[in-house]
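Visitor: Here's a sequence, model it:
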Amino acid sequence: MKKTKLKLRKEVYYVFAGVVFIIVGIILGINYYNDSLYKKTMEYQFIQKGYSLDDFHLLKEKLKEEDLPKILEKDKNENIILLVQEKYFLMKNLDLYLEYMEKEEKDRKDVVAIVNVHANKNWYENTEKTDTSLKEKILVNKFYSLEKDYTPENLTFIPLEQAYGNYKDNALVDYAYDHFMNLWNDAKKDGFHFMVNTSYRDYNSQQEIYENIKKNRGEKEADSEAARPGHSEHQTGLVVDMTSLDAKVDEDFKDSEAYHWLKQNAYKYGFIERYPEGKTYITGYNPESWHWRYVGIDAATTCYKENITYDEYYAYYIES
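Guide: Next up is the predicted model:
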């Protein structure tokens, strides 16, 4: 009887041990399977590359899923983590950002802005024809140009109450003209009388201006003061150079109440200060308090609220 009980206990033990062994095997198998799956994940690959878990989650949040493998192809670089946190970061420009950061000691915010607008290259280097179908959102600068024979449609002449010179000396594209007149009338109600010095200018007129400066003061000075022919915004018919009756001289205008009114209100009518102070490294031009460009109310509002130039706006919101 005792032998039977002992034999039964051994059988129960063996069964129990077998069950435990199977369970342990299953658990180990599941763990192994899960581990092998985890090693195939982006998270594991980034950690193996030397990035922290926080770094990975940041990259996952800021980038598109298809961009993550592109980061893995590169050596670990702390600058990547810093760059992706910039508001105007563009993945397509990552290599250019990193290359520029190695050559120049610049704040990463400036690096992103400079590369986005192509200002990491020399002015007028590798220029291309601009997309004229964009109408008021057209970009004309030292990298994007207009054809010699480009003339905007529906130019409307600015009356002499709002412009110096003779009638038909100044004109804007009709929709820009309408918004300019709304701006002018509202400014007049607030006590400011703006006057246009110049507006639409064709290719030949711009060439004459540029060549005259170049002849007298050299190419470098000409490039800082005027656009090369084909690269002038005036050819778009979307620009007014203006001061006011109370501050006719450019230097006086930038310190005037009329100028500050424009700074605070022009965007509501779709106009922006195209070459603001402190942005020469992006625009390529010295500050021009008198140069106001129509880009449409939505774009102007974005430029105003985000404190960016139109070059930056175009690079991030249109070109990208």
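Visitor: Could you break this protein into its assigned domains?
Guide: Domain assignment of the chain by automatic domain parsing yields the ranges 1-40, 42-116, 128-319.
Visitor: Tell me where the stretch 1-150 of the chain has strands.
Guide: Assigned by DSSP state E, counting those that start in this stretch, the stretch 1-150 of the chain shows strands spanning 128-129, 144-145.
Visitor: quick one: average pLDDT of the first one?
Guide: Same thing as strand 128-129. In this model, strand 128-129 has a mean pLDDT of 96.
Visitor: Would you agree residue 49 is in contact with residue 76?
Guide: Yes. Under the criterion of CB atoms under 8 Å, residue 49 makes contact with residue 76 at 5.3 Å. All C-beta spots, glycine's among them, are computed from the backbone N, C-alpha and C.
Visitor: Same list, the domains of the chain, but as CSV with distance to residue 122 please.
Guide: Formatted as CSV, the domains of the chain follow (distance: least, CB to CB, whole Å):
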stretch, distance to residue 122
domain 1-40, 46
domain 42-116, 12
domain 128-319, 9
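Visitor: most packed of those domains?
Guide: Neighbour counts (mean count of other CB atoms under 10 Å) averaged over each of the domains of the chain peak at domain 128-319, with a mean of 18.
Visitor: Report the separation between the two terminal residues of that domain.
Guide: 13 Å (CA to CA, to the nearest Å).
Visitor: One more: stretch 221-233?
Guide: One end of stretch 221-233 to the other measures 18 Å (CA to CA).
Visitor: Then stretch 192-207?
Guide: Stretch 192-207 end-to-end distance (CA to CA) = 33 Å.
Visitor: repeat for stretch 228-240
Guide: In terms of CA to CA, the two terminal residues of stretch 228-240 are separated by 18 Å.
Visitor: Show the average pLDDT along that stretch.
Guide: Mean per-residue pLDDT for stretch 228-240: 98.
Visitor: what about residue 171, distance to residue 61?
Guide: Residue 171 sits at a distance of 49 Å from residue 61 (criterion: CB to CB, to the nearest Å).
Visitor: One more: residue 90?
Guide: For residue 90 relative to residue 61 (CB to CB), the value is 16 Å.
Visitor: follow-up on the earlier one: can you lay out the strands of the stretch 1-150 of the chain as a markdown table showing distance to residue 205?
Guide: Shown next, in a markdown table, are the strands of the stretch 1-150 of the chain (distance: least, CB to CB, whole Å):
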| stretch | distance to residue 205 |
| --- | --- |
| strand 128-129 | 20 |
| strand 144-145 | 16 |
